[in-house]
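Visitor: just coords:
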Ligand code: HEC
């Protein structure tokens, strides 16, 4: 009798620990996906958009670096979203729509357009005016995915 209880207890503990592990792993996946997007947001909005708005001075080196970072980062999106975390990052403003994993091919198909826009515009930015055009061109392609696959949580 006691043995049965101990075994049952051990089993329950095991299930409990496994459950916690699975939840943490899912949160890790969601955080990784969010971090990738935030990094792209940093280049796009923290550097490029702020320059367009005149909030920071035009710095060709910083602009070139931002476009370079985006060009390297954007093609990693399909792989980063390969796993469905089935949960949102705690307290996040934006979440990933479940539609991504209902139609992953459609999600992935949004990515090459962003890369193409980046390749087209990255050397065209020479001043605030030309940077604005470059920003708008890339932003339209980011938005094309966000409209369908990003959810506003708060
Ligand atoms: C193929 C789809 C796709 C493309 C392309 C894409 N994103 Fe996202 N983005 C998402 C999804 C899904 C989310 C919400 C989930 C998340 O934040 O992890 C998101 C969220 C974001 C967020 C909010 C992060 C937060 O939680 O604060 C930013 C910022 C962002 N993206 C920037 C960009 C920029 C800039 C581009 C273009 C250079 C871009 N994204 C291109 C799918 C995409």
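Guide: Good, I have the coordinates. No experiment lies behind these values; they were computed from the predicted model shown.
Visitor: give the contact list for the residue nearest to the spatial centre of the chain.
Guide: In the chain, the centroid-proximal residue (Cα atoms, centre = their mean) is residue 37; its distance is 2.6 Å. Taking Cβ atoms under 8 Å, 6 or more residues apart in numbering as the criterion, residue 37 is in contact with residue 94. The way it works is simple: take the backbone N, C-alpha and C, and place the C-beta from them, glycine included.
Visitor: distance of it from the ligand?
Guide: Applying Cβ to the nearest ligand atom, to the nearest Å, the value for residue 37 to the ligand is 3 Å.
Visitor: against residue 104, how distant is that residue?
Guide: Here residue 37 is placed at a distance of 17 Å from residue 104 (Cβ to Cβ, to the nearest Å).
Visitor: residue boundaries of the helices in this protein?
Guide: Taking DSSP state H, the helices of the chain run over residues 2-41, 50-52, 60-73, 77-80, 99-102, 104-108, 111-121, 128-149.
Visitor: out of those helices, which is closest to residue 93?
Guide: helix 2-41 (9.6 Å; Cβ to Cβ).
Visitor: what about that closest one, average pLDDT?
Guide: Per-region confidence: helix 2-41 scores 73 on mean pLDDT.
Visitor: per-residue pLDDT, the closest residue to residue 134 other than its chain neighbours?
Guide: What sits nearest to residue 134 in space, not counting adjacent residues and going by Cβ to Cβ, 6 or more residues apart in numbering, is residue 121, at 3.8 Å. Here, the pLDDT recorded for residue 121 equals 96.
Visitor: how about the residues of the chain by the ligand?
Guide: Contact residues, the chain versus the ligand (Cβ under 6 Å from any ligand atom): 33-34, 37-38, 40-41, 44, 70, 74, 77, 92-96, 107, 110-111, 114, 138, 142, 145-146, 149-150.
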